[in-house]
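Q: Compute the structure for the input listed below.
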Amino acid sequence: MSGHSKWAQIKHKKSQVDAKKGKVFSKIAKEITVAARLGGGDLTGNPRLRTAIEKAKDVNMPHDNIKRAVMKGTGELPGVSYEESIYEGYGPGGAALLVEVLTDNRNRTGSEVRHIMSKNGGNLGEAGCVAWMFTQRGYILVEKTKIDEDAIMTIALDAGAEDMRNDPKEDNYEIITAPEDMNKVKASVEASGIPISLAEITMLPKSYIALDEKSAEQMMRLMDALEDHEDVQNVYTNFDISDEVMAKIAT
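A: Residues are numbered from 1 along each chain as shown. Coordinates of the predicted model:
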């Protein structure tokens, strides 16, 4: 599992599976509600809401659910007031963790996140202890079989992307953008007839920490436990698991 790409793909596939169980809908509905509350219900002037609704459509969330979530955010329907919070800490092997939550009870959620961390070989740290290790960026994945490197690089950079990565070990090109440019670059790629595997605003690590087999196994359990929590929206980390180690713990 080199860098960011494979973990992003694993998370994306997991969200598709969870959507079939209805588990992911409530998390996306929270994000839509908060985005609408902060920036209004107009998609053209609210990129956060536009991104959240695109994510909802990606997992086939019913239109009525999306509409209700927006109306709760704009105040047209009554709803719970959610608070954004970020928890920082370390996982097995010293890998950094950023945990984004939306909650109606910060004390309860904080206690539960702390319990999950300690139970799975991690520990919470002080605010700011690992945030400096990450930078917020737009992140787009395109399968290498769909287009050659020079062509996708030209499309992406002309549309305003900051960088494009081609790791020989990976199956996807990684396109990096400023957060505010992600939707514009995504639209340009799609307008060229190239399908996109994944597009999201994420926190990219500035460097990575390699994990051995034991730490990798613990880390995967910790990530699953955190992402299964109903208030956790996103988990970002800087671990790196080799393909050899991943093959061992996946069997």
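Q: Next up, phi/psi of T51, please.
A: Phi and psi for T51, reported as degrees, to the nearest 10, are phi -70, psi -40.
Q: Quick check: nearest residue in space to it, chain neighbours excluded?
A: I201 (6.2 Å; Cβ to Cβ, 6 or more residues apart in numbering). Where you see a C-beta, it was placed from the backbone N, CA and C, and this is true even at glycine.
Q: Could you name the helices and strands sitting against the strand or helix carrying the one you found?
A: Using DSSP states H and E, I201 sits in strand 198-205. Strand 198-205 sits against helix 5-20, helix 47-58, strand 134-143, helix 182-191, strand 232-237, with contacts defined as 3 or more Cβ pairs under 8 Å, 6 or more residues apart in numbering; DSSP states H and E.
Q: ok, then the element right after the first one?
A: Read in the C-terminal direction, the helix or strand following helix 5-20 is helix 23-39, with elements assigned using DSSP H and E.
Q: now the angle between strand 232-237 and that next one, please.
A: If you take axes from the mean of the first three to the mean of the last three Cα atoms, to 10 degrees, helix 23-39 sits at 100 degrees to strand 232-237.
Q: Just give me how far helix 23-39 sits from the chain centre.
A: 14 Å (Cα atoms, centre = their mean, to the nearest Å).
Q: likewise stretch 202-215?
A: Distance, centroid of stretch 202-215 to centroid of chain: 15 Å (Cα atoms, centre = their mean).
Q: Quick one: end-to-end length of that stretch, please.
A: Criterion Cα to Cα, to the nearest Å; first-to-last residue distance in stretch 202-215 is 24 Å.
Q: which residues are contacting that stretch?
A: Stretch 202-215 is contacted from outside by 3-4, 8, 92-96, 98, 121, 133-139, 176, 219, 234, 236-242, 245, 248-249, using Cβ atoms under 8 Å, 6 or more residues apart in numbering.
Q: Now do the buried residues in that stretch.
A: Judged by neighbour count (16 or more other Cβ atoms under 10 Å), stretch 202-215 contains these buried residues: T202, M203, L204, P205, Y208, I209, L211, S215.
Q: ok, back up a step: does the residue nearest to T51 touch G138 like I think?
A: Yes - using Cβ atoms under 8 Å, I201 is in contact with G138, at 5.8 Å.
Q: okay, these two: which has more neighbours?
A: G138 (25 against 18; other Cβ atoms under 10 Å).
Q: shaky segments in this protein?
A: Applying pLDDT under 70 to the chain picks out residues 1-21, 251.
Q: Residue most distant from the centroid, it?
A: Most distant from the centre of the chain: E76, at 28.6 Å, with distances by Cα atoms, centre = their mean.
Q: residue ranges for the strands of the stretch 151-251 of the chain, please.
A: In the stretch 151-251 of the chain, strands defined by DSSP state E, counting those that start in this stretch lie at 163-165, 172-177, 198-205, 209-210, 232-237, 239-240, listed in chain order.
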